[in-house]
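Novice: make a model of this:
(one chain, ligands or ions: 1)
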Amino acid sequence: MTLHSSGADESASPDPARMHRPDPDMVRDILEYVADRLLEPEVPLDGLADRSHLTSAIDGLITEDGRDFREVLAVYRDELAPTVLSADSPRMFSFIPSAPTKASLLFDMVVSAASLQGISWCEAAGAVMAENQALRTLADLAGLPESSGGVFVSGGSAANLSALVVARDTMRRRRATAGLPDVPLRVVVSDQAHSSIANSLGITMMSALIVPTTGTSGVLTGEAVRVAVGSDPDPSDICAVVATSGTTNAGIIDDIAGLGQVAREHGWWFHVDGAYGGAGILVPSLRHRYAGIEQADSLVMDPHKWWFAPFDCAALLYREPWLAAAVHTQNASYLDVIHGDSADLNPSDLAHHLTRRARGLPLWFSLAVNGIGAYRDAVAHGLDLASYAAERLRERADCELVREPDLSIVLFRRQGWTEEDYAQWSTRLLQEQRAFVTSSRWRGEVVGRLVFLHPATTRQMVDEAIDALD
Ligand SMILES: Cc1ncc(COP(=O)(O)O)c(C=O)c1O
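Specialist: Prediction:
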């Protein structure tokens, strides 16, 4: 019998480490479940199961004493998982799908198994090195200078917010130095910019100078911004301009070079939101559309979208990362040790967060294993599918393209269809597990929308979605 200093009988006291003891059965069963999923030739679309009994399926599952892991895993596998649409299905043509490589999915498990954080050089040098190598690869592809750097955050929204905070505070500091008043600032955006930009401006107490785009092009040009600013009564409160490459709804790539030029002329911050379409820079035939991206003060590209990494991961790059560190670094006595070497830029200093998962490592591993050429081919496949879908839609007398696709998103009209008809098309295809499609709007009109991103999507899968428009 072992005695605590209190004299209590330890064998009779609860075992506080019982959750942490290795459990070979649980390891084996969960890895088996994961292996089955990873080895499926095509993951099911799912998303069909009846949600109405979810409450009863999980009711009372969490108790004082816990329960057998097999029982809980079965609830997940049989009740919860089938209600979750597989964003990584090659039949997912809605929102912005995801298509993580096998290498990235597997390495995500390594990050999880090691509970790997990527906060600072002091705590996680190897993880920070690897993440920085992946970020450097993206920065080099974009043509950003050697001095650029950044961090992986949870998504495009978080990245846009963190970047716009830096844009705002950099301008505020400049204005203070010049003896100008601290006024609410504005950002020039297109009417096609992602919703997270508007949210970010709300959070940062800035407002938008919205420049309307015209016609089916939808491109925000440097010229349009010049005109809008020229007719603005007092543009002196503008601190930044946002270019999108490409837009989420229609895949439109803005006039990045023209917008970068206007930003330079006015001394504004130049932010490029390439959360969805930034990966297009990989494809030589498209590269000219990204001319000027190397001028960005901040650039976002989401690995969990077209860079084939699992959720949740967005790359946020800054031309001058020290400006970001000046805004985002958290100072507290217990953190002094991680800021010991002032030459180090810690990932936690470059966005609105402190503790962070080393979420860039799955991309890093997959880039190293597969090589950039494999990424180029995979992105090009999405573009090919969009061209193919556009061609099929053009051939149909009852359909019309809204605009020629720039990237991998196709907007179209099905003559005579209402929102209800598009909804039925969606329901039918999902019930048959042939595709998940949703409608959208273009200039107020309800339209069909198809997004291609998965390299395993075949033309036959595209045909199945389009044939269902009959
Ligand atoms: C252009 C663009 N910016 C920002 C976002 C937001 O990214 P997230 O959903 O990762 O927050 C998206 C999402 O689709 C996007 O397409």
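
Novice: domain ranges for the chain?
Specialist: The chain breaks down into these domains under automatic domain parsing: 22-83, 107-371, 373-467.

Novice: out of those domains, deepest packed?
Specialist: domain 107-371 (a mean of 20; mean count of other C-beta atoms under 10 Å). Using the backbone N, CA and C atoms, a C-beta is placed for each residue, glycine as well.

Novice: ends of that domain, how far apart?
Specialist: 16 Å (C-alpha to C-alpha, to the nearest Å).

Novice: returning to what we had before: can I get the domains of the chain in a markdown table including distance to the ligand and mean pLDDT?
Specialist: Output for the domains of the chain, formatted as a markdown table (distance: least, C-beta to the nearest ligand atom, whole Å; pLDDT from 0 to 100):
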| stretch | distance to the ligand | mean pLDDT |
| --- | --- | --- |
| domain 22-83 | 18 | 95 |
| domain 107-371 | 3 | 97 |
| domain 373-467 | 10 | 98 |
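
Novice: take those and lay them out in JSON lines including distance to Pro100.
Specialist: Below are those laid out as JSON lines (distance: least, C-beta to C-beta, whole Å):
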{"stretch": "domain 22-83", "distance to Pro100": "10"}
{"stretch": "domain 107-371", "distance to Pro100": "4"}
{"stretch": "domain 373-467", "distance to Pro100": "10"}
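
Novice: so which elements touch whichever helix or strand Val166 is part of?
Specialist: For Val166, the host element (DSSP states H and E) is helix 156-177. For helix 156-177, the packing partners by 3 or more C-beta pairs under 8 Å, 6 or more residues apart in numbering; DSSP states H and E come out as helix 195-203, strand 238-244, strand 269-273, strand 298-301, strand 314-318, helix 321-328.

Novice: for those, which one sits closest to Arg394?
Specialist: strand 238-244 (25.8 Å; C-beta to C-beta).

Novice: convert the C-alpha atoms of the closest one to PDB, please.
Specialist: This file holds the C-alpha atoms of strand 238-244, laid out as PDB (Å, rounded to 0.1, in the frame of the first residue of the first chain):
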ATOM      1  CA  ILE A 238      -8.400  55.800 -47.900                       C
ATOM      2  CA  CYS A 239      -5.700  53.400 -46.600                       C
ATOM      3  CA  ALA A 240      -5.900  50.400 -48.800                       C
ATOM      4  CA  VAL A 241      -7.200  48.700 -51.900                       C
ATOM      5  CA  VAL A 242      -8.300  45.100 -52.200                       C
ATOM      6  CA  ALA A 243      -7.800  43.000 -55.300                       C
ATOM      7  CA  THR A 244      -9.400  39.600 -55.600                       C
END
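
Novice: contacts for that strand next, please.
Specialist: Defining contact as C-beta atoms under 8 Å, 6 or more residues apart in numbering, one finds that strand 238-244 is touched by 164, 167-168, 170-171, 185-190, 192-194, 197, 206, 209, 220, 225, 229, 252-256, 259-260, 262-263, 266, 268-274, 277, 296.

Novice: send the alpha carbons of stretch 72-85 over as CSV?
Specialist: This file holds the C-alpha atoms of stretch 72-85, laid out as CSV (Å, rounded to 0.1, in the frame of the first residue of the first chain):
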residue,chain,number,x,y,z
VAL,A,72,-19.0,6.5,-29.2
LEU,A,73,-17.1,5.8,-32.5
ALA,A,74,-20.1,4.0,-33.7
VAL,A,75,-22.3,7.0,-33.0
TYR,A,76,-19.9,9.1,-35.0
ARG,A,77,-19.6,6.6,-37.9
ASP,A,78,-23.3,5.7,-38.2
GLU,A,79,-25.2,8.8,-37.1
LEU,A,80,-23.0,11.9,-37.4
ALA,A,81,-20.6,11.3,-40.3
PRO,A,82,-23.4,10.5,-42.9
THR,A,83,-24.9,14.0,-42.3
VAL,A,84,-21.7,15.7,-43.1
LEU,A,85,-21.2,16.5,-46.8
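
Novice: thank you, goodbye.
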